[in-house]
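> Predicted structure and sequence below. I'll ask about it afterward.
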Amino acid sequence: MKIATWNLNSIRAREVRLLDWLSRAAPDVVCLQETKVTEEQFPFDAIKERGYHAAVYGQKTYNGVALLSRDSAEDVTVGFGDEVDDPQARCISALIQGIRFISVYVPNGENVDSEKYVYKQAWLSRLFKYLERVRTSATPLMISGDFNIAPHEDDVANIEQWSGTVLFNPEMTAVMKQLQDSGLHDVFRIHQKGVGLYSWWDYRQLGFPKNQGLRIDHILATPDLAGRTTTATVDRNERKGSKPSDHAPVIAELTWP
DNA sequence: ATGGTTGCTTAGCAA
């Protein structure tokens, strides 16, 4: 079973790239973020032609998440289902082949003095409560997406530039540690121990050619699944060529069922 | 310190 997570930075700007990549990479489940379209504008037909079901939580202009899958998705839910009235489409979940998949687009936060960072903190707090509710011992779980957090120094190319920012600071690395301590393992780091491995590179200042990136897109899995993963990679080819997203897909393979 | 890029929308926000 091949799983991927990819922040597309607009599914309209990336539709051809996404479709070509689906044919070439042939993932079984794809967690998408920043689709930036309402459900009415989502390219359901083209994706169906490539052999995928799509569960979509859309929003105009900003955010937007989706789950693509070879097999049908059951029990689809969107948002956290909590008491907060939140218009931002950042979380979708479904049961696929007996696994609870969640695609998340964690708020960026802009800067640590911003109201957007307050929202990021609150959103993450709601995510923990959501995970407590949705997790059951019987169902393996995989939560993937753009977390907008680099978990470790080794996940940041330029520490001087990024230390203390919303993407890499003690409070945010503690969030990743708390997720891991709750039994959600960082699948990429099970298989890749090296440095200089990133999933996002700024469009500006030759970020990608200079490999000035951060590893902020993650696949986290409960132990039953994490232990069955066989590979984890970043598909750097998707950051190359004409009109790439600023994120590359992160891919994991596992023996399932 | 500023600016550098992209997408959506059409001047300015978000990343």
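Here it is on my side, so go on.

> and the residue most central in space within chain A, which of the three is it?
What sits nearest the mean C-alpha location of chain A, by CA atoms, centre = their mean, is A:G145, with 1.0 Å. Classification of A:G145 using DSSP: H, G, I helix; E, B strand; the rest coil returns strand.

> Wait, it touches A:L220, no?
No. If you go by CB atoms under 8 Å, A:G145 and A:L220 don't touch, sitting 9.2 Å apart. Where C-beta positions appear, they are placed from N, C-alpha and C, glycine not excepted.

> how about A:M142, what does it touch?
Applying CB atoms under 8 Å, 6 or more residues apart in numbering, we find A:M142 in contact with A:3, A:99-102, A:219-222, A:225.

> Going by residue numbers, what spans are strands in chain A?
Listed in chain order, the strands of chain A (DSSP state E) span A:2-7, A:29-33, A:53-57, A:65-69, A:74-78, A:91-96, A:99-105, A:141-146, A:185-186, A:200-201, A:213-214, A:217-221, A:229-234, A:250-254.

> tell me the most buried of these?
Highest mean neighbour count among the strands of chain A (mean count of other CB atoms under 10 Å): strand A:29-33, with a mean of 28.

> Give me the distance between that strand and the centre of its chain.
Averaging C-alpha positions (CA atoms, centre = their mean, to the nearest Å) puts strand A:29-33 7 Å from its chain's average.

> Likewise for stretch A:8-21?
The chain centroid and the centroid of stretch A:8-21 are separated by 15 Å under CA atoms, centre = their mean.

> I'd like the average pLDDT over it.
Throughout stretch A:8-21, pLDDT has a mean value of 98.

> can you list the residues that contact it?
A:6, A:32-37, A:41-43, A:46-47, A:50, A:64, A:66, A:235, A:238, A:243-247, A:249.
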